[in-house]
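*Asks:* Sequence first, then the predicted structure:
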Amino acid sequence: PGTRLSVAEAAIIAGMVKAPSNYSPTADIDAAVGRAEVVLALMREQGFISAAEARVDPSAVKLKAQKAQNSARYFTDWALPQLDLL
């Protein structure tokens, strides 16, 4: 225990890929949970998890207190879409 991610934890992390500064649970827990619910539904639809696994509650994930964050995450959100232009 403690070394594997739960399905809810994995969904929160996967949801952050789209926009880390928007979907980070330390920045906006409601947005992170909403995005995780989308991820869970897609994982179920694609057959990666069972219907029972898709019913987990991402809002129940316990978050560790975080120190102040730097602005590098905003640059990442800007830079990633720029790569599509190349």
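*Replies:* Noted; the coordinates are in hand.
*Asks:* now residue 40: how far from residue 15?
*Replies:* 9 Å (C-beta to C-beta, to the nearest Å). In short, each C-beta sits where N, CA and C put it, glycine included.
*Asks:* what do you get for residue 43?
*Replies:* To residue 15, residue 43 is 11 Å away according to C-beta to C-beta.
*Asks:* Also residue 63?
*Replies:* Distance of residue 63 to residue 15, computed by C-beta to C-beta: 14 Å.
*Asks:* Those two: who's more crowded?
*Replies:* It is residue 15, of residue 63 and residue 15, that has more neighbours when counted by other C-beta atoms under 10 Å, with 25 against 11.
*Asks:* Share the number of residues neighbouring the nearest residue to residue 24 once chain neighbours are set aside, please.
*Replies:* Using C-beta to C-beta, 6 or more residues apart in numbering and skipping residues adjacent in sequence, the residue nearest residue 24 is residue 16, 5.8 Å away. As a burial measure, residue 16 scores 21 neighbours (other C-beta under 10 Å).
*Asks:* For residue 16, give me its contacts.
*Replies:* The neighbours of residue 16, taking C-beta atoms under 8 Å, 6 or more residues apart in numbering as the test, are 23, 24, 32, 35.
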